[in-house]
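Enquirer: Need a 3D model of the sequence below.
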Amino acid sequence: MILITGSSGSVGKAVLQEATRKESKVRGMYRSREEAAKALSGCEAVLADYADKQSLRKALDGVNSVYVVCSPIPQLVELESNVVDACKEAGVKHVVLNSALGAGDYPKSFPGWHRKVEDKLKGTGVSYTILRPNGFLQNIVAYNAPSIRTQGVFYASMGDAKVSYLDVSDIAVVAVKSLLGGAHAGKIYELNGPEAISNQELAKRISKVTGRTVNYVDIPESAQRESMLGLGMPEWQVTALVELQEYYKQGGGARTDGLLQSLIERPPVTLDQYLTANAREFRDQAASA
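Expert: So this is what the prediction gives:
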């Protein structure tokens, strides 16, 4: 039995979909009955919470492999550590941890949090595979589409830093293969997309697929911080995002290599493919209604 935690999240849902296509015994973990009611056919839904160790024990009953992913929140280290401890106690054979690019060499922000969980997992003696993905293609829509729809612009303090985005569906393929252990046991995979681009180039690509002019405006870090706080974002999140941008501005997100393609055994989803498939997300609200 394979357990997929975070089954209602963007990455967890993709992993669950891939797992149900490849395996017959799959369990999806949800925090609420409402989320569990939306579980994919072909998987067993279970209610559990990272903060509730008793519920984790029930979710792990009869489970051999576990995929661990958590939202980027300040409690990430504590919550994922609870899952790691529960896996050890339950006799789970293999754990696949969804970490983040930068966990190997950047002690700040989300990568620093993930590194603490990585180290804990390594210390348990449980077989593991660690995935460190670069930026998600899906985040382009999540973070930039709202202002593009209303203003034709998106903002950040990234300069000409490049990011090699990858699709969560490709991460899911690697995760499910890794859940079977074998050759993937003990491996740390830094997953990068097939092409590294700057926000200026991203704006051009979005313009091309939408047929409207889209611009990227680089703003001072102080202005971005003030804007995010003005939108009601908590200070911890603003600080973490600004620190993560520093990692990208240092060149940490610009790597490209053939690892992802070799692991999924096909060409990865490209930026242009993703933008073409999601072009309507960037058009004005009236046109996309």
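
Enquirer: now the strands for the stretch 51-200 of the chain?
Expert: 65-68, 94-98, 127-133, 153-156, 162-163, 188-191, 197-198 (DSSP state E, counting those that start in this stretch).

Enquirer: Which of those sits closest to residue 52?
Expert: strand 65-68 (15.5 Å; Cβ to Cβ). For the C-beta atoms, the positions are set from N, CA and C on the backbone; glycine is no exception.

Enquirer: which strands and helices sit next to the closest one?
Expert: strand 2-4, helix 10-22, helix 76-90, strand 94-98, helix 168-179 (3 or more Cβ pairs under 8 Å, 6 or more residues apart in numbering; DSSP states H and E).

Enquirer: rewinding a little: which of the strands of the stretch 51-200 of the chain is buried the deepest?
Expert: Burial of these is given as mean neighbour count (mean count of other Cβ atoms under 10 Å); strand 65-68 ranks first at a mean of 26.

Enquirer: Can I get it in CSV? Just the C-alpha atoms.
Expert: Taking Å, rounded to 0.1, in the frame of the first residue of the first chain, the C-alpha atoms of strand 65-68 are listed here in CSV:
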residue,chain,number,x,y,z
SER,A,65,5.7,3.6,1.1
VAL,A,66,4.8,7.2,1.8
TYR,A,67,5.0,10.4,-0.1
VAL,A,68,5.4,13.4,2.2
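
Enquirer: any idea how far that strand is from the chain center?
Expert: 15 Å (Cα atoms, centre = their mean, to the nearest Å).

Enquirer: Mind listing the strands that strand pairs with, and their directions?
Expert: strand 2-4 (parallel), strand 94-98 (parallel) (DSSP bridges).

Enquirer: Specify the stretch among those strands that is closest to residue 10.
Expert: strand 94-98 (11.0 Å).

Enquirer: Redo the strands of the stretch 51-200 of the chain as a markdown table? Include mean pLDDT and distance to residue 145.
Expert: As requested, those are exported to a markdown table (pLDDT from 0 to 100; distance: least, Cβ to Cβ, whole Å):
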| stretch | mean pLDDT | distance to residue 145 |
| --- | --- | --- |
| strand 65-68 | 98 | 28 |
| strand 94-98 | 98 | 24 |
| strand 127-133 | 98 | 21 |
| strand 153-156 | 94 | 8 |
| strand 162-163 | 97 | 16 |
| strand 188-191 | 98 | 23 |
| strand 197-198 | 98 | 17 |
